[in-house]
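Colleague: Return atomic coordinates for the entry below.
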Amino acid sequence: MPDAIALLQVPALPGAPVPPTVLVVDDEKNIRRTLQLVLEGDGYRVLGAETASQALAVLANPETPVDLAVFDVQLPDMSGLEALAKIRTDEATRDLPIIVISGHATVDDAVQAIKLGASDFFEKPLARERVLVSVRNVIHAAKAHRELARVTEQQLQRYEMIGRTAAMQRIFHEIERVAPTKASVLITGESGTGKELIARATHRLSPRSDGPFVKVNCAAIPRELIESELFGHERGAFTGALLRRRGLFEQAHGGTLFLDEIGDMDLVAQAKVLRAVQSGEISRLGSEHVIHVDVRVLAATNKDLPKAVELGAFREDLYFRLAVFPIRCPTLRERIEDIPVLANAFMQQFAQENGIRPKPIDDSVLQALSARKWPGNVRELKNVVERSAILSGEHVTIADLPEDPHASPFEEEVDGGDDALDDAMTSESTRGSVPPPAGSGAPGSVPPPPGGGRHLTLREHREKSERNYIVETLKLTGWNISRTAIILGVERTNLHKKIRAYEIKRGEG
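Modeller: Down below sits the predicted model:
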């Protein structure tokens, strides 16, 4: 490979797929040559550069597309990490996968590389299989990410929703099946799961898509006004009715009426809605004139309507009229795998609405978001992403995440199972007592721990080990909380809680 920039031209058969191109950036000719031979042997095309400036020039040239770059940390003109930072600020190269290599690696270099979005980091001398496995995985992941972005864009255009989990694919399938029909749809699910989006997608994919989509929040309208809102009124129908008013059923003629929070509707209004859904006939308040409307009704609720029917709080005949085709909206807890996709989509949306450049979200942030419980569902996730976008710098890090209000101080523990097991196996009267000496012949006797004292319970041993590991990692990072949290894979706020719980003092150890 020449010392300057070079592209190894490999004749391609007509119609044959173009192999992925890897840019190798290292001032050592032997390293570039070694990587060239290794990567060519695995079917890749190779570009070479000996300085960061040369590499940036290659990446800026649209005629030499690059699928992956391998940067050395030590380069003549600027460090590979500085070049990586420049690449991440350029719209054209922001998503380029990058592997960082170094002959003099430090923990700080590794942490900084990962924070800047490097896909992998490893030391010289380079092991052939290590290089090939990393390159294959990174290029495959980047290809999958591009395909996911394409599918996500298609989903947004068609449904205004995204999701790759089985739960969301089921939703898309159900929308596709019911949208072309005239059937009423009852959408159920917790608050913040996206019930209105399902209703809008059903309308948009229906033959009524050119007609109006009228939404009414049944819980937000006072009981004494709900009938007037839905069916309209004549002048003088009640005190304050100075003008004739068309109701929402009339306004939705030829289109779709979405009754959100239908479970909060008054029983009297339910009877009139039933008549309208069954016959397509309504009457304004203060009038006996019958008006025929052509409206498809979609309804949504976060309440248990069958239970409400049993309690007499909801009409059974209206329930069955609305629930011709029920759709259950899954909670975010049922589609954890969609959280990274949703978070990035919300970041793009926030940036577009505010006229700013979208900020990359660190993988550690996406992992932390995926570990949360999300009782507020997708709406809560969107709020967290938007707040993090406001607080963050060039990219969103763990330090930018707001504290999880639903987390316990030891959130990463799966449950209380270990503690319960400790309590069950060790009674309060014997916990902490010194066991009989070895050889005493007492049934169940155990040897004393090294150095005397008493045996630790499983929980005490785990907490002691965890405390020691946190202290050692803090020392390694110079007591930098953010870096320590990244290495430990926990949120910064959670690390603060552990430091307080374990009474860890700066400089100890």
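
Colleague: Run through the chain and note the low-pLDDT ranges.
Modeller: The chain contains residues with pLDDT under 70 at 1-17, 105, 144, 147-159, 407-455, 509.

Colleague: so where do the helices sit in the stretch 301-450 of the chain?
Modeller: Taking DSSP state H, counting those that start in this stretch to define them, one finds helices in the stretch 301-450 of the chain at 305-310, 316-322, 339-354, 363-370, 377-391, 417-425.

Colleague: no, scratch that, I was asking about the stretch 1-150 of the chain
Modeller: Under DSSP H, counting those that start in this stretch, the stretch 1-150 of the chain gives helices at 29-41, 52-60, 80-89, 107-115, 128-159.

Colleague: Nearest to residue 456 among these would be which one?
Modeller: Counting by CB to CB, residue 456 lies closest to helix 107-115 out of the helices of the stretch 1-150 of the chain; the figure is 30.3 Å. Quick note: C-beta positions are derived from backbone N, CA and C, even for glycine.

Colleague: Find the nearest non-adjacent residue to the most centrally placed residue in the chain, please.
Modeller: Central residue of the chain (CA atoms, centre = their mean): residue 339, 1.9 Å from the mean position. Among residues not flanking residue 339 along the chain, residue 370 sits closest, at 4.8 Å (CB to CB, 6 or more residues apart in numbering).

Colleague: Just confirm the one you found contacts residue 342, I think it does.
Modeller: No. Residue 370 is beyond contact range of residue 342, at 10.4 Å (criterion: CB atoms under 8 Å).

Colleague: ok, those two, which is more surrounded?
Modeller: residue 342 (20 against 14; other CB atoms under 10 Å).

Colleague: what's around the nearest residue to that one once chain neighbours are set aside, how many residues?
Modeller: Nearest non-adjacent residue to residue 342, counting by CB to CB, 6+ apart: residue 381, 6.0 Å away. Residue 381 has 20 neighbours, counted by other CB under 10 Å.

Colleague: returning to that earlier point: with residue 392 as the reference, name the closest of the helices of the stretch 1-150 of the chain.
Modeller: Residue 392 sits nearest to helix 107-115 of all those, at 12.0 Å, using CB to CB.

Colleague: now what about the closest one, what contacts it?
Modeller: Here helix 107-115 makes contact (CB atoms under 8 Å, 6 or more residues apart in numbering) with 73, 81, 84, 100, 102, 121, 362-364, 395, 397, 476-477, 483, 486-487.

Colleague: let's see 6 Å
Modeller: Here helix 107-115 makes contact (CB atoms under 6 Å, 6 or more residues apart in numbering) with 73, 81, 100, 102, 121, 483.

Colleague: now, which of these lie within strands?
Modeller: Under the assignment DSSP state E, the contacts of helix 107-115 contribute 100, 102, 121 to strands.

Colleague: Which of those has the largest number of neighbours?
Modeller: Counting neighbours by other CB under 10 Å, residue 100 leads those with 26 neighbours.

Colleague: so how far is residue 21 from it?
Modeller: Applying CB to CB, to the nearest Å, the value for residue 100 to residue 21 is 18 Å.

Colleague: Residue 269 too?
Modeller: For residue 269 relative to residue 21 (CB to CB), the value is 65 Å.

Colleague: thought residue 485 was touching residue 495?
Modeller: Yes. With contact defined as CB atoms under 6 Å, residue 485 counts as touching residue 495 (4.7 Å).

Colleague: Neighbour count for these two, which is higher?
Modeller: Taking other CB under 10 Å, residue 485 and residue 495 do not tie; residue 485 has more neighbours (24 against 21).

Colleague: That one is in what secondary structure piece?
Modeller: helix 481-488 (DSSP states H and E).

Colleague: Tell me which residues of that helix come out buried.
Modeller: Neighbour counts over helix 481-488 (16 or more other CB atoms under 10 Å) mark 481, 483, 484, 485, 486, 487, 488 as buried.

Colleague: helix or strand right after that helix?
Modeller: helix 492-501.

Colleague: how about residue 179, phi and psi?
Modeller: Backbone dihedrals for residue 179, given as degrees, to the nearest 10, come out at phi -60, psi -40.

Colleague: and it, how many neighbours does it have?
Modeller: By other CB under 10 Å, 18 other residues sit near residue 179.

Colleague: Skipping adjacent residues, who's closest to residue 176 in space?
Modeller: Leaving aside its sequence neighbours, residue 176 sits nearest to residue 205 (CB to CB, 6+ apart; 6.9 Å).

Colleague: Could you measure from the one you found over to residue 170?
Modeller: Distance, residue 205 to residue 170, using CB to CB: 16 Å.
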